[in-house]
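# Based on what follows, work out the 3D shape:
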Amino acid sequence: MLQTKFLNQKIILASQSPRRQSLLKELLIDFEVRVKDNLEEIYPLELKNIEIAPYLSELKFNAFVSELVENEFLITSDTTVCIENDVLNKPLDRADAIEILKRLSGKKHTVVTGVTIGNNKNRTTFSSFTDVYFRELFIDEICFYIDNYKPFDKAGAYGIQEWIGYVAIERIDGSFYNVMGLPVQKLHEELLKFEL
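Reported below is the predicted structural model:
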């Protein structure tokens with residue numbers, strides 16, 4: 001059982017995302033949140049789009065690891081939305097969000113979450129991939145969603161658990177929770193395997 005294994009560990013989630021915090025709570029383990037406001041999420045341009053999320057997850061882990069003390073265990077993650085050879089980041093503003101959702105309309109995209117777990121002695125990084133298929137979206141649907149849900153903190157300018165997910169997503173191949181930002185089933189599996 002995960003709760004028994006980590007009984008003497010202080011688990012730290014390095015994420016401000018309310019969705020990641022909510023999903024981690026569902027694993028029924030105690031954790032605290034720590035964040036660094038000034039961390040620049042910059043990656044080498046030669047990385048393939050599916051390599052960016054795990055790279056950024058490790059970057060976040062490296063920002064904290066020197067501060068970890070005995071019996072502290074860190075979880076970092078990053079989620080990207082990939083379409084063709086491009087990565088769709090968080091929208092800059094309303095106009096950018098509209099363009100992103102127009103790009104996703106009627107197409108398949110891949111959500112990649114990279115997760116790094118570990119302590120000041122050891123770590124492991126893994127990725128989860130989910131293909132998401134959008135039906136064709138009308139411009140008034142896109143504007144309604146953006147104006148009412150303001151998805152400016154979400155990669156790809158949408159949340160699968162919100163209105164747009166109910167009306168626009170035809171199917172997904174892979175983890176639903178990965179699209180929300182944390183592949184909890186795979187995380188649970190990796191935490192059970194991790195040698196403290």
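
# Which parts of this protein are strands?
10-13, 31-33, 72-83, 86-88, 108-118, 123-134, 169-173 (DSSP state E).

# Generate a markdown table for those, with mean neighbour count as supplementary columns.
C-beta here means a position set from N, CA and C on the backbone, and glycine is covered the same way. Listed next are those as a markdown table, based on neighbours: other Cβ atoms under 10 Å:
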| stretch | mean neighbour count |
| --- | --- |
| strand 10-13 | 18 |
| strand 31-33 | 13 |
| strand 72-83 | 23 |
| strand 86-88 | 17 |
| strand 108-118 | 22 |
| strand 123-134 | 18 |
| strand 169-173 | 13 |
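
# Check the burial of the nearest residue to residue 153 once chain neighbours are set aside by counting its neighbours.
Counting by Cβ to Cβ, 6 or more residues apart in numbering, residue 153 lies nearest to residue 90, which is 6.1 Å off, once chain neighbours are set aside. By other Cβ atoms under 10 Å, 15 other residues sit near residue 90.

# ok so, going back, out of the strands of the chain, which gets nearest to residue 189?
Nearest to residue 189 among the strands of the chain is strand 123-134 (9.1 Å), distances taken as Cβ to Cβ.

# Next, the angle strand 108-118 makes with that closest one.
Strand 123-134 runs at 160 degrees relative to strand 108-118, counting by axes from the mean of the first three to the mean of the last three Cα atoms, to 10 degrees.

# Pull up the pairing partners for strand 123-134, direction included.
strand 108-118 (antiparallel), strand 169-173 (antiparallel) (DSSP bridges).

# Counting by contacts, list what the helix or strand of the chain with the lowest mean pLDDT packs against.
Every helix and strand in the chain was compared by mean pLDDT, DSSP states H and E; the lowest is helix 2-5, with a mean of 88. On a contact count with 3 or more Cβ pairs under 8 Å, 6 or more residues apart in numbering; DSSP states H and E, helix 2-5 meets helix 184-193.

# Show the average pLDDT along the longest helix that the chain contains.
Longest helix in the chain, counting residues (DSSP state H): helix 49-65. Averaged across helix 49-65, pLDDT comes to 96.

# Touching that helix from outside, list them.
Here helix 49-65 makes contact (Cβ atoms under 8 Å, 6 or more residues apart in numbering) with 12, 14, 34, 36, 39, 41, 43-44, 47, 74, 76-80, 82, 85-87, 110, 112-116, 118, 120, 123, 125-127, 129.
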